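**Q** need a structure here:
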Amino acid sequence: MTRWTNWSGLESAEPTQVLDPRSVADVVTAVTRARESGTGVKMVGSGHSFTGISAPEHTMLRPGGLSGILSVDHRAMTVTAGAGTLLKTLNAELERLGLSLHNMGDIAEQTLAGAISTGTHGSGGIAAGLAAQVVALEMVTGTGEVLVADRTTNPEVLDLARLGLGALGVLTSLTFAVEPLFLLQATERPIGWAELLERHDELVATHHHVDVHWFPHSEGALLKANTRLADDVGTARPLAPWSSWLDDELLSNTVFGLTTRLGNRFPAVVPAVNRVSSRALSARTYSDVAHKVFVSTRRVRFREMEYAVPRAAGLAALAEARRVIDAHDWRIGFPVEIRTAPADDVPLSTAYRQDATYLAFHVPREVDHAAYFAAMESVMRAHGGRPHWGKLHSLDATALGELHPCLDDFTALRDRLDPDRVFANGYLRRVLGS
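**A** Alright, predicted model coming up:
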């Protein structure tokens, strides 16, 4: 029997049946059979969600057969790809075509369907979330119907299914708005806690994308500020291979992995390690095509919770989180990540109709996260935060309904598209109700 496990190892399942659909018709067949037999079906992604959002309870569909670029419209500046395409594959193909997504997060191992369905986002820009860049989609509903949605055909479905949690249907293809390939200049340097609080808004205002990692038990943080360049991509000044290997592979992965294991075994050393880590990476400036700047390699596995609080409350929420951390005897070896996003119009987005500050909390995969995350969640909720759908949180449908004004519209569409709950699983029953 095949066992499904997510990237962090927190969620697992043993599906009764595993299928590898190669076409939309194959998906229709799988969904129809599941509905007729009163069982369920889930298309899994690459397992990068920390929750059980894609955990299969009966039939598991693997996404690899629905991948690759399907069409390019240079006039409309859109690209359509199979929903099972990995984001890193799309990025490479777009670069070859002289195109780029506007924004993305720092991990590119997800499938496109998984990334948009959980609300994957980057920082800054005009649109931070991947779902906000989707202009059309095709999916198989819980009744076995192949449904196409764009701005003129089934626009209400497009509106809600761009970030659909896997609850409305199996996505088979996605169309993204794209841009001409562009360069980003990245400026990376250590930054102190006091400067972070004093200058964060200024940094966000003067750079297109800002990402900060603050190390608990220390005064130190690492800043990455990205600025779009108007220069031709041929003028890129990427990192030298040795420099990239030193900072991004050796220090950020190999050495960080070793210090993480050291902290797991001897928690008392964590504050000292964090103080060193916050200063270990040297200041550097480089430029490259966008996805090579946005994306980082993450080999050290972890558990994560992330909340989006209203932008005006962001720094206050961060400061309160630090006060709570300092008041406990925890030893937090992973940094807290701080990003911002402009408001968007995606109904279940954590940035729906509000500028947001994202605060992400991590622990090593081997460490019990429960007490730390519960305390941080309390702080985030007190500041009006919305939890990331693909990361750990404790909220149920009632609490989420108070945070997402369109949740009733979403569940009504779910009743229409999946009346028999073919796509339901434990996570969706908790966050959406039965």
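**Q** rest of the way, CA atoms for contacts and neighbours
**A** Will do.
**Q** give the bridge partners for L183, please.
**A** L229, V289 (DSSP bridges).
**Q** what's the domain layout of the protein?
**A** 67-180, 183-387 (automatic domain parsing).
**Q** return the most buried member of those.
**A** Ranked by average neighbour count under the criterion mean count of other C-alpha atoms under 10 Å, these are headed by domain 67-180 at a mean of 21.
**Q** distance between the ends of that domain?
**A** 22 Å (C-alpha to C-alpha, to the nearest Å).
**Q** strands of the stretch 151-300 of the chain, residue ranges please.
**A** 169-177, 179-180, 183-192, 209-214, 220-229, 284-289 (DSSP state E, counting those that start in this stretch).
**Q** export these to CSV and tack on distance to L432?
**A** Listed next are the strands of the stretch 151-300 of the chain as CSV, based on distance: least, C-alpha to C-alpha, whole Å:
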stretch, distance to L432
strand 169-177, 15
strand 179-180, 35
strand 183-192, 39
strand 209-214, 31
strand 220-229, 36
strand 284-289, 39
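**Q** could you dump those to CSV with mean pLDDT and distance to N425?
**A** Converted to CSV, the strands of the stretch 151-300 of the chain look like this (pLDDT from 0 to 100; distance: least, C-alpha to C-alpha, whole Å):
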stretch, mean pLDDT, distance to N425
strand 169-177, 98, 13
strand 179-180, 96, 37
strand 183-192, 95, 40
strand 209-214, 97, 34
strand 220-229, 95, 38
strand 284-289, 94, 39
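**Q** mind checking which of the ones you listed is nearest E11?
**A** Of all the strands of the stretch 151-300 of the chain, strand 169-177 sits nearest to E11, with 20.6 Å by C-alpha to C-alpha.
**Q** circling back to that earlier point, can you put the domains of the chain in TSV and add distance to R430?
**A** Listed next are the domains of the chain as TSV, based on distance: least, C-alpha to C-alpha, whole Å:
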stretch	distance to R430
domain 67-180	12
domain 183-387	14
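**Q** rank those domains by mean pLDDT and give me the bottom one.
**A** Here the lowest mean pLDDT among those goes to domain 183-387, at a mean of 90.
**Q** got the end-to-end distance for that one?
**A** 31 Å.
**Q** can you give the distance of it from its chain's centre?
**A** Centroid separation for domain 183-387 versus its chain: 14 Å, with C-alpha atoms, centre = their mean, to the nearest Å.
**Q** for G426, find the nearest of the strands of the stretch 151-300 of the chain.
**A** That would be strand 169-177 among these, by C-alpha to C-alpha, at 16.4 Å.
**Q** can you list contacts of that closest one?
**A** 24, 27, 42-43, 66, 77-84, 101, 112-113, 133-142, 417-418, 423 (C-alpha atoms under 8 Å, 6 or more residues apart in numbering).
**Q** quick one: which of these sit in strands?
**A** 42-43, 78-82, 134-141 (DSSP state E).
**Q** residue nearest the middle of this protein, spatially speaking?
**A** Compute the mean C-alpha point of the chain, and by C-alpha atoms, centre = their mean the closest residue is T120, 2.8 Å away.
**Q** in what helix or strand does E337 lie?
**A** strand 336-341 (DSSP states H and E).
**Q** contacts for that strand?
**A** 122-125, 127-128, 204, 210-216, 311, 351, 355-362.
**Q** so R162 makes contact with I116?
**A** Yes. Contact criterion C-alpha atoms under 8 Å: R162 and I116 qualify, at 6.4 Å.
**Q** what residues are up against D73?
**A** Neighbours of D73 in contact, by C-alpha under 8 Å, 6+ apart: V79.
**Q** is it bridged to anything, and to what?
**A** T78.
**Q** can you give me the strands for the stretch 1-150 of the chain?
**A** 4-5, 12-13, 17-19, 41-43, 59-61, 69-73, 78-82, 99-100, 134-141, 146-149.
**Q** relative to strand 169-177, how tilted is the longest one?
**A** So the one you mean is strand 134-141. 160 degrees (axes from the mean of the first three to the mean of the last three C-alpha atoms, to 10 degrees).
**Q** adding distance to V379, write the strands of the stretch 1-150 of the chain out as TSV.
**A** TSV is the format used below for the strands of the stretch 1-150 of the chain (distance: least, C-alpha to C-alpha, whole Å):
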stretch	distance to V379
strand 4-5	30
strand 12-13	29
strand 17-19	41
strand 41-43	34
strand 59-61	37
strand 69-73	42
strand 78-82	39
strand 99-100	37
strand 134-141	32
strand 146-149	38
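**Q** closest to T235 out of those?
**A** strand 99-100 (16.3 Å).
**Q** sec struct for I325, please.
**A** Secondary structure state of I325, per DSSP: H, G, I helix; E, B strand; the rest coil, is helix.
**Q** that one: what's it in contact with?
**A** By C-alpha under 8 Å, 6+ apart, the neighbours of I325 are P216.
**Q** quick check: the closest residue to W214 other than its chain neighbours vs L196, distance?
**A** Once flanking residues are discounted, W214 sits nearest to A221: 4.1 Å by C-alpha to C-alpha, 6 or more residues apart in numbering. With distances taken as C-alpha to C-alpha, A221 is found 8 Å from L196.
**Q** quick one: the helices in the stretch 251-400 of the chain?
**A** 256-265, 270-280, 290-294, 314-326, 370-382, 397-403 (DSSP state H, counting those that start in this stretch).
**Q** what's in contact with the shortest one?
**A** Right, the one you point to is helix 290-294. 91, 100, 103-106, 181-186, 287.
**Q** turn those into a markdown table, columns for distance to E366.
**A** Converted to a markdown table, the contacts of helix 290-294 look like this (distance: C-alpha to C-alpha, whole Å):
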| residue | distance to E366 |
| --- | --- |
| N91 | 32 |
| S100 | 36 |
| N103 | 31 |
| M104 | 28 |
| G105 | 24 |
| D106 | 22 |
| L181 | 40 |
| F182 | 39 |
| L183 | 38 |
| L184 | 35 |
| Q185 | 35 |
| A186 | 32 |
| S287 | 36 |
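**Q** pretty sure L19 contacts R62?
**A** Yes. In this structure, L19 is within contact of R62 by C-alpha under 8 Å, at 6.3 Å.
**Q** ends of stretch 215-235, what's the gap?
**A** For stretch 215-235, the end-to-end distance is 35 Å (C-alpha to C-alpha).
**Q** coming back round to it: who are the contact partners of the residue nearest to the centre of the chain?
**A** Counting by C-alpha under 8 Å, 6+ apart, T120 has contacts M104, G105, G129, L130, A131.
**Q** show me these that map onto helices.
**A** Among those, DSSP state H puts none in helices.
**Q** neighbour-wise, which of L19 and R62 wins?
**A** R62 (18 against 15; other C-alpha atoms under 10 Å).
**Q** need the helices of the stretch 251-400 of the chain in TSV with distance to R339, can you?
**A** Converted to TSV, the helices of the stretch 251-400 of the chain look like this (distance: least, C-alpha to C-alpha, whole Å):
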stretch	distance to R339
helix 256-265	22
helix 270-280	17
helix 290-294	13
helix 314-326	9
helix 370-382	14
helix 397-403	20
